[in-house]
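>>> Provided below are the primary sequence and the corresponding predicted coordinates.
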Amino acid sequence: MNAIILAAGKSNRFAPFTYEKPKGIFRVRGEILIDRQIEQLKEAGIDEIVVVIGFMKEKFFYLEEKYGVKFVINNTFASKGNLYSLYAAREYLSDTYVCCADHYFLENPFVEREERAYRACVWKEGKFREFGVQISDADVITTMSVGGNDSYAMVGQAYFTETFSKKFVELMENEINDFGVSSMFWEEFYEKHRRELTLFAKYYDAEMIQEFESVEDLRQFDQDFLNNIDSEIVHNICSVLNCDPNEIVDITVIQKGLTNVSFKFVVKGVEYVYRHPGGTAGNLVDRQTELFAQYKAKELGIDASVIYMDQSGWKVSYYVQDLIVCNLDNDNDQLEKAMEYLRILHGVSCDDTIKVFDTLGEALRLMKIASSTKGNLCNEFADIKEKAKRLDIYLKEDGFRELALCHNDIYAPNYLVTRSGDMYLIDWEYAGLNDKANDVACICCRYNFSHAQVERHIRAYAGHDLSAEEHRHYIAAVALCGFYWFCWGLYKGSVNDDDGFFFLPAYRQCKKYIDIALESYETGVEKLDGLKKFE
């Protein structure tokens, strides 16, 4: 007999703490989850233990020396189901316990000699998210569904006999490359082949097997969980708010951001937000400049929500209550206030420690990085890239470029608006010295705005009638900024992150304005009739 422990997944429901370590390494009631399970297996005489790892796999490496386990690496954990982890470890499937790293068994379930393939099942009252099952009088699992209500559920370990494993492996090898199969849970694959495989139910009391569904669920089982998790996030919150870990309650992820993850929590009745920097932020963010801009925004009343920000990128803020939808395009009062914030920001005095955010330079850098996984994008988009280079020269030499402290990530989601009319401009990661026009261009290029909508935003910021040359400068800025956010989307896609709802609109707006702007610079005449095909 042996055991396979599945430990490759990320456990997104346990964010933000799974951004620091895998769930299987959480300390619960004084013991690390996977350590406790391995020790229970060894106590039952199971010496060959295989751990399938993927997410933060290096965190599990200590198990090799401590317990003599074997590793199988599954680097596809983000896109495939746990069936693929079993497939990766298929050479070890025989008389095998199949477990998950985050199970907690109150008593050792592995001590009995097993004679038939089974799945641990417990009775669940009310609605539940686990796989629900129906069981015959002979204890055979006859049907399975995703979720259930007042029925038995699959919870805990499974046991495969050698005969069961042989058939299961044969079926996996025949079908793993079929559409949708590799993304399945192994239980779903069993259901697909229920007539060819016989899996019995083995019954346990619900309290015997703990499968924690959320941080709060885990804390009900272990009240000292946050005291023992050894989390920098918890330490940071306690140091800023002068609180005890157990005073941090009601943790809820509110934004799996394009660069970060943010979660809401409560301490002593007050709601806060913690921002945890994401793994790809290093290629996009200058933290020293962000820190300067963030505290300037607090000082000027542009972002009164921030309490503390660390130069490493984490931040604690007040949770802004009574929010309404920010719609700069349709609400004149919101638009006027948003543009006023930009004008205040652009008046901030900066020294030479503040990063210059060069829109074209940043765009080309991100395109080059993305090319390492997406092919030669510089060749594929050579035409628009060369036009952007030409346009950048005109923008820098036309006499209307004014360098100022810019946000460089202006669009509606970064303006928080309350019912009472308060406004907060948040998320200062892209801050730096740039052309003032870039902040307005950020809004205009990230939506499928008509030309009239673009004009409305430009005029709202400028606050005066524009000369033809000044107007051209703003139109050119929209094209160049669109090129940047297009390249940003290429980069994010290349590292399997969300490339943003504005990826395609940014490309469209760049294409819409880049030729018009270039022609205007090169002929001295602005011909907007070329916009008709885009409207």
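Sure thing, it's come through.
>>> buried sites along stretch 17-34?
Going by neighbour count (16 or more other CB atoms under 10 Å), the buried part of stretch 17-34 is 17-28, 32-34. For the C-beta atoms, the positions are set from N, CA and C on the backbone; glycine is no exception.
>>> hmm, who's touching it?
5, 7, 10-12, 14, 36, 51, 55-56, 59-60, 63, 100-104, 215, 218, 221-222, 224-225, 228-233, 261, 276 (CB atoms under 8 Å, 6 or more residues apart in numbering).
>>> just those: which are in strands?
Ile5, Ala7, Val51, Cys100, Tyr104, Val261, His276 (DSSP state E).
>>> top of these by neighbour count?
Ala7 (32 neighbours; other CB atoms under 10 Å).
>>> got a list of what it touches?
Here Ala7 is in contact with Pro22, Gly24, Ile34, Val51, Val52, Ile53, Gly54, Phe60, Cys100, Ala101 (CB under 8 Å, 6+ apart).
>>> give the contact list for the residue lying closest to Phe200 once chain neighbours are set aside.
Among residues not flanking Phe200 along the chain, Tyr118 sits closest, at 4.4 Å (CB to CB, 6 or more residues apart in numbering). Tyr118 sits next to Ala158, Tyr159, Leu199, Phe200, Ala201, Lys202 when contact means CB under 8 Å, 6+ apart.
>>> quick one, which of the contacts of stretch 17-34 are buried?
Among the contacts of stretch 17-34, those buried by neighbour count (16+ other CB under 10 Å) are 5, 7, 10-11, 14, 36, 51, 55-56, 59-60, 63, 100-104, 215, 218, 222, 225, 228-229, 231, 233, 261, 276.
>>> and stretch 45-56, how far from the chain's centre?
Offset of stretch 45-56 from its chain centre (CA atoms, centre = their mean, to the nearest Å): 27 Å.
>>> first vs last residue of that stretch, how far apart are they?
End-to-end span of stretch 45-56 (CA to CA, to the nearest Å): 29 Å.
>>> please report the distance of the closest residue to Asn448 other than its chain neighbours from Arg456.
Of all residues not flanking Asn448 in the chain, Pro505 sits nearest, at 5.0 Å (CB to CB, 6+ apart). Per CB to CB, to the nearest Å, Pro505 is found 17 Å from Arg456.
>>> quick one on the thing from earlier: in CSV, list the contacts of Ala7 along with pLDDT and distance to Val133.
Shown next, in CSV, are the contacts of Ala7 (pLDDT from 0 to 100; distance: CB to CB, whole Å):
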residue, pLDDT, distance to Val133
Pro22, 94, 28
Gly24, 96, 25
Ile34, 98, 26
Val51, 98, 27
Val52, 98, 24
Ile53, 97, 29
Gly54, 95, 27
Phe60, 97, 31
Cys100, 96, 17
Ala101, 96, 23
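>>> ok, so of those, who is nearest Glu247?
Of all these, the one sitting nearest Glu247 is Pro22; the distance, using CB to CB, is 25.9 Å.
>>> so which bits of the longest strand belonging to the chain are buried?
Longest strand of the chain, by residue count under DSSP E: strand 141-160. Buried residues in strand 141-160, counted by 16+ other CB under 10 Å: 141, 144, 148, 151-160.
>>> perfect, that will be all.
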